[in-house]
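> Mind folding the following:
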Amino acid sequence: MARDQIDMTPLQSRDELVTWFEAGSKPPSEFRIGTEHEKTPFTLESRQPVPYEGARGIGALLEGMQLLLGWEPIMERGNIIGLYDVTGGGAISLEPGGQFELSGAPVETVHQTQAELMAHLAQVREIATPLGIGFLGLGMTPSWSRSQIPVMPKGRYKIMSNYMPKVGQYGIDMMYRTCTVQTNLDFSSEADMVKKLRVSIALQPVATALFANSPFTEGKPNGFLSFRSEIWRDTDNARSGMLPWVFEDGMGFERWVDYALDVPMYFVKRGENYIDVAGSSFRAFFEGRNNSLPGERPTLSDWANHLSTIFPEVRLKRYLEMRGADGVPWGRLPALPAFWVGLLYDNDSLDAAWNLVRHWTAQERQALRDDVPRFGFKARIKDRYLFEIARECLKLSHAGLRRRNRVDHSGRDESRYLEPLERILESGRSPAEEMLDKFNGEWGGSVEPAYQEYAF
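Next comes the predicted model:
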């Protein structure tokens with residue numbers, strides 16, 4: 001969630017950072033599900049990017065949403081940049097190119113995730129349609145160039161935009177042209193966190209293949225099924241990737257703290273100001289050696305902000321964040337939390353999933369992750385196609401959701417939300433392959449029809 005925290009207690013010791021993570025542990029009865037999704041706004045008339053300013057801009061959209069919902073506005077230098085639900089804990093925020101993000105409230109069941117999503121979409125439509133704004137459910141904008149996309153008025157994005165080209169070729173694309181759906185899940189202890197982190201990192205390529213949905217760049221096929229996933233391979237390798245050390249003995253909260261201390265920072269926030277410290281480590285700041293803030297020590301707020309700028313395939317905060325999936329149309333969004341809840345919140349499925357991946361080496365995991373953006377289900381690990389592994393994972397997830405047995409008002413459990421993924425596996429093709437078939441067939445070599453077929 002992009003609401004920069006406000007806890008200005010100066011940090012004294014590394015132990016406090018470890019304790020901060022430990023405080024995330026919860027008994028299984030208190031486990032929650034948080035789902036975040038991004039969608040690309042476009043003008044209904046000409047299918048162009050939507051600027052922030054103006055009577056029909058993103059700022060106006062947020063103002064309308066605020067009036068409708070009564071949520072607290074998140075302001076920066078007089079601009080509304082997001083909304084926060086004080087009672088439920090959900091939030092709406094803007095990604096750098098105007099991608100509109102709902103960070104869902106922590107809920108107990110996937111049924112509640114679905115209900116929250118339907119309410120959100122109805123509210124967004126009510127405000128956006130009269131403004132002539134639609135939303136696209138793809139992992140990457142299919143037709144716009146970098147230079148066409150407007151920049152949202154958020155200080156942190158300016159700093160990131162300056163820094164990105166120094167550390168990878170695709171950082172700007174990641175910021176301005178991609179969309180994702182993520183699921184945030186809890187752990188009960190350090191050991192539970194480690195097990196879930198290992199399983200979910202190893203299996204993130206399965207989610208990437210199931211949700212692969214970004215085969216076009218600037219109106220043409222880009223050679224990938226998930227170009228969004230490819231973008232992350234060369235955005236900033238100091239803060240992304242498959243974290244091979246997570247699988248080594250001695251993994252725990254302390255190991256994550258040591259990793260995060262050495263990840264280069266982007267910014268420090270003081271009042272309304274974002275101070276550019278891009279490239280210097282949190283460890284140096286922690287030791288009072290930050291050139292921009294000499295002698296000053298970081299606060300808990302600085303730490304929480306820094307952790308939100310680390311982008312591995314799975315991210316540890318006070319919960320675990322699954323980060324491997326492309327943004328998809330609304331009908332498939334609840335499938336992501338359902339998939340991971342079934343695998344990680346049921347002990348039998350979690351054990352079986354660990355058995356599936358525990359013999360993979362770091363090199364094998366990395367090769368699978370490197371191949372999946374281009375090959376999808378045809379990527380291989382240890383002489384197995386990812387397709388077979390995806391099928392096995394879906395079975396385990398299905399069984400886990402059945403055992404969880406959280407039923408809706410008509411008696412159906414959460415496994416019903418896996419149906420879109422089951423259909424994908426029955427067809428043997430990822431969503432991107434289906435889209436490429438349309439592009440080469442009924443779409444007549446144009447991506448324009450996507451703005452209707454894949455709109456929210």
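> can you map out the strands along the stretch 201-350 of the chain?
Remark: strands assigned in the stretch 201-350 of the chain by DSSP state E, counting those that start in this stretch are 216-217, 220-221, 240-241, 267-270, 273-276, 311-312, 314-316, 320-326.
> Out of the ones you listed, indicate the one that is most buried.
strand 320-326 (a mean of 26; mean count of other CB atoms under 10 Å). Where you see a C-beta, it was placed from the backbone N, CA and C, and this is true even at glycine.
> helices or strands next to that one in the packing?
Where contact means 3 or more CB pairs under 8 Å, 6 or more residues apart in numbering; DSSP states H and E, strand 320-326 is packed against strand 180-185, helix 190-211, helix 227-233, strand 314-316, helix 335-344.
> any idea of the angle the second one forms with helix 335-344?
Meaning helix 190-211. 140 degrees (axes from the mean of the first three to the mean of the last three CA atoms, to 10 degrees).
> Enumerate the positions of helix 190-211 that are buried.
In terms of neighbour count (16 or more other CB atoms under 10 Å), helix 190-211 has its buried residues at 190, 192-211.
> and Ser301, how many neighbours?
18 (other CB atoms under 10 Å).
> Quick check: it vs Val181, distance?
27 Å (CB to CB, to the nearest Å).
> What ranges in this protein fall below the confidence cut-off?
1-6 (pLDDT under 70).
> elements contacting the lengthiest strand in it?
Ordering each strand of the chain by length in residues (DSSP state E) puts strand 33-43 first. In terms of contacts (3+ CB pairs under 8 Å, 6+ apart), strand 33-43 is packed against strand 100-103, helix 110-128, strand 133-136, strand 180-185, helix 335-344.
> so which of these is the most packed in?
helix 335-344 (a mean of 28).
> So for Gly34, which of the helices and strands packed on strand 33-43 sits nearest?
strand 180-185 (3.7 Å; CB to CB).
> angle of that closest one against helix 190-211?
Using the same axes, to 10 degrees, strand 180-185 lies at 160 degrees relative to helix 190-211.
> picking that back up, and the next helix or strand after the longest strand of the chain with helix 110-128, angle?
Next helix or strand after strand 33-43 toward the C-terminus (DSSP states H and E): helix 58-69. Orientation note: helix 58-69 sits at an angle of 120 degrees relative to helix 110-128 (the same axes, to 10 degrees).
> Could you pull out the buried residues of the following helix or strand past helix 58-69?
Remark: after helix 58-69, the chain's next helix or strand is strand 72-76, criterion DSSP H and E. Of the residues in strand 72-76, Ile74, Glu76 count as buried by neighbour count, 16+ other CB under 10 Å.
> Who are the packing partners of strand 72-76?
Right, strand 72-76 is packed against strand 79-84 by 3+ CB pairs under 8 Å, 6+ apart.
> OK, contacts around the residue lying farthest from the centre of the chain?
The C-alpha centroid of the chain is most remote from Gly295, which lies 34.8 Å away (CA atoms, centre = their mean). For Gly295, the contact set (CB atoms under 8 Å, 6 or more residues apart in numbering) comprises Gly288.
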